[in-house]
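**Q** no sequence for this one, just the structure:
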């Protein structure tokens, strides 16, 4: 049994560290003082940090080398819920002497996929749509299944030959090639609550209604309300992470672009070669950039700060390669996908929530929208520009000092009054 009080929101229970090669298996539940687990839409496996205090010098005797197995079991007794996950302790980040009582260790942990990816290099020919190729790599190299959530990518089947790179490098290369018909990118990621991996487009993320019926609210007063759910949906901490850097966005292609493609086989060029992000993502008065700004009497969409040239060489009868499209005009989706990825940095915030409310449920937050209410600076009135739906990009689950909390990194692509013209959630929760 873990050394936690009865009031704890969780317990570490039967956390087994094993070294099968040495026939070693020990329960380290009582040594753990802090555990942090990470989810991200950019990574297809779960990682974490685990801080342990060893007063019996057990870790010293084990002579750990970064290949130890870890079976993690966390129990929430109040809700009769048990969470289980397997990891490999891949690294000792730090080791601190605690006078004569022992050492404090900080371990980096990751799912086995991380370790397998380091070991393997593949040189294979893959043929199929992006989701088919990614599903094939996960199945053949990691024995893991991929769930395609929502719409499929717009790309036709093509052939890709991997040049002796790791399996996850193959998957990331194919993911970058995938987009829907409007140019929205796809993400491939792991979730804490599911064994299968997910592939989902950004458009599906922001088309889906926020998953929380009660908005997460930044309000100190809410902590004192008798409604337990109101207390647990209170935002304990908020930090603005958005860049608000128009120059950087222009340089990264998140505003105005020109993408020129010449097909040598047909001597044809794409006709629709200019792209402004407001064509598919426009919150009108709360646009991603100041559309009325004029530099030398020209608005930003009259310039071309990001110009690219690409040459392709295939006919409509050829088998498509990685860079090819059957329709020459679809090449611009590569630019759109990149621009939308960069746009996620514009209005980004970090919030910390009590985690116990959703710990015992099968709720998946990563890659979903949540509704957030934020007050105006200096008063309790709701800021209807910054409030609204946010896409959850990263989550840090922290178990420390008897408390479980979730730190979420979120991005806002719409505002609360004007939905995105191309895609946006429906049925907004009332702010009253």
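**A** Alright, I've got the coordinates. These numbers come from a predicted model, not from an experiment.
**Q** what is the least confident helix or strand in this protein?
**A** Counting by mean pLDDT, DSSP states H and E, the weakest-scoring helix or strand in the chain turns out to be helix 356-359, with a mean of 58.
**Q** which is the next helix or strand following that helix?
**A** With elements assigned by DSSP states H and E, the helix or strand that comes after helix 356-359 is strand 369-373.
**Q** so which bits of that following strand are buried?
**A** The neighbour-count check on strand 369-373 (16 or more other CB atoms under 10 Å) flags 369, 370, 371, 372, 373 as buried. The C-beta positions use only the backbone N, C-alpha and C, and glycine is treated the same way.
**Q** same deal with stretch 85-97?
**A** Quick answer for stretch 85-97 (16+ other CB under 10 Å): 85, 87, 88, 89, 90.
**Q** show me what the strand or helix carrying the second one is packed up against.
**A** It refers to residue 87. Here residue 87 is covered by strand 81-98, with elements defined by DSSP H and E. Here strand 81-98 touches strand 47-54, strand 68-76, strand 102-110, helix 112-119, going by 3 or more CB pairs under 8 Å, 6 or more residues apart in numbering; DSSP states H and E.
**Q** a markdown table for the ones you listed, including mean pLDDT?
**A** Shown next, in a markdown table, are those (pLDDT from 0 to 100):
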| stretch | mean pLDDT |
| --- | --- |
| strand 47-54 | 94 |
| strand 68-76 | 93 |
| strand 102-110 | 92 |
| helix 112-119 | 96 |
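**Q** ok, the nearest residue to residue 89 once chain neighbours are set aside - contacts?
**A** Once flanking residues are discounted, residue 89 sits nearest to residue 68: 4.3 Å by CB to CB, 6 or more residues apart in numbering. Shown in contact with residue 68 (CB atoms under 8 Å, 6 or more residues apart in numbering): 17, 18, 19, 62, 88, 89.
**Q** for the stretch 201-350 of the chain, which segments count as strands?
**A** 216-217, 237-240, 256-263, 268-269, 274-276, 294-295, 298-299, 307-312, 348-354 (DSSP state E, counting those that start in this stretch).
**Q** next, residue 158: phi, psi?
**A** With angles defined as degrees, to the nearest 10, residue 158 sits at phi -140, psi 170.
**Q** one more: residue 18?
**A** phi -130, psi 150.
**Q** quick one: contacts for it?
**A** Contacts of residue 18 by CB under 8 Å, 6+ apart are 24, 25, 26, 68, 69, 70, 71.
**Q** closest to residue 245 out of these?
**A** Closest approach to residue 245 among the contacts of residue 18 (CB to CB): residue 70, at 40.6 Å.
**Q** wait, what's in contact with the closest residue to residue 345 other than its chain neighbours?
**A** Spatial nearest neighbour of residue 345, excluding adjacent residues (CB to CB, 6+ apart): residue 243 at 5.1 Å. Residues counted as contacts of residue 243 (CB under 8 Å, 6+ apart) are 249, 345, 346, 348.
**Q** can you tell me how far the last one is from residue 342?
**A** Computed as CB to CB, to the nearest Å, the residue 348 to residue 342 distance reads 11 Å.
**Q** okay, now the unreliable bits of the protein?
**A** For the chain, the stretches flagged by pLDDT under 70 are 1-6, 220-231, 282-286, 356-360, 380, 414-432.
**Q** so can I have JSON lines of the strands of the stretch 201-350 of the chain showing mean neighbour count and distance to residue 48?
**A** Below are these laid out as JSON lines (neighbours: other CB atoms under 10 Å; distance: least, CB to CB, whole Å):
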{"stretch": "strand 216-217", "mean neighbour count": "21", "distance to residue 48": "23"}
{"stretch": "strand 237-240", "mean neighbour count": "12", "distance to residue 48": "20"}
{"stretch": "strand 256-263", "mean neighbour count": "19", "distance to residue 48": "38"}
{"stretch": "strand 268-269", "mean neighbour count": "12", "distance to residue 48": "50"}
{"stretch": "strand 274-276", "mean neighbour count": "18", "distance to residue 48": "39"}
{"stretch": "strand 294-295", "mean neighbour count": "10", "distance to residue 48": "47"}
{"stretch": "strand 298-299", "mean neighbour count": "12", "distance to residue 48": "47"}
{"stretch": "strand 307-312", "mean neighbour count": "14", "distance to residue 48": "39"}
{"stretch": "strand 348-354", "mean neighbour count": "19", "distance to residue 48": "17"}
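**Q** and those as JSON lines, adding distance to residue 177?
**A** As requested, the strands of the stretch 201-350 of the chain are exported to JSON lines (distance: least, CB to CB, whole Å):
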{"stretch": "strand 216-217", "distance to residue 177": "35"}
{"stretch": "strand 237-240", "distance to residue 177": "33"}
{"stretch": "strand 256-263", "distance to residue 177": "15"}
{"stretch": "strand 268-269", "distance to residue 177": "21"}
{"stretch": "strand 274-276", "distance to residue 177": "18"}
{"stretch": "strand 294-295", "distance to residue 177": "34"}
{"stretch": "strand 298-299", "distance to residue 177": "32"}
{"stretch": "strand 307-312", "distance to residue 177": "13"}
{"stretch": "strand 348-354", "distance to residue 177": "25"}
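**Q** which one of those strands lies closest to residue 137?
**A** Nearest of these (CB to CB): strand 307-312, 24.9 Å.
**Q** how far is that closest one from where the chain is centred?
**A** 30 Å (CA atoms, centre = their mean, to the nearest Å).
**Q** check which helices and strands it sits against.
**A** Using 3+ CB pairs under 8 Å, 6+ apart: strand 307-312 touches strand 256-263.
**Q** and which of the contacts of residue 243 is nearest to residue 140?
**A** Of the contacts of residue 243, the one sitting nearest to residue 140 (CB to CB) turns out to be residue 345, at 34.2 Å.
**Q** isn't the closest one up against residue 411?
**A** Yes - applying CB atoms under 8 Å, one finds residue 345 in contact with residue 411, separated by 7.5 Å.
**Q** what about the closest residue to residue 210 other than its chain neighbours, distance to residue 391?
**A** Excluding the flanking residues, the one nearest residue 210 by CB to CB, 6+ apart is residue 371, at 3.9 Å. Applying CB to CB, the value for residue 371 to residue 391 is 12 Å.
**Q** likewise residue 375?
**A** Taking CB to CB, one finds residue 375 at 21 Å from residue 391.
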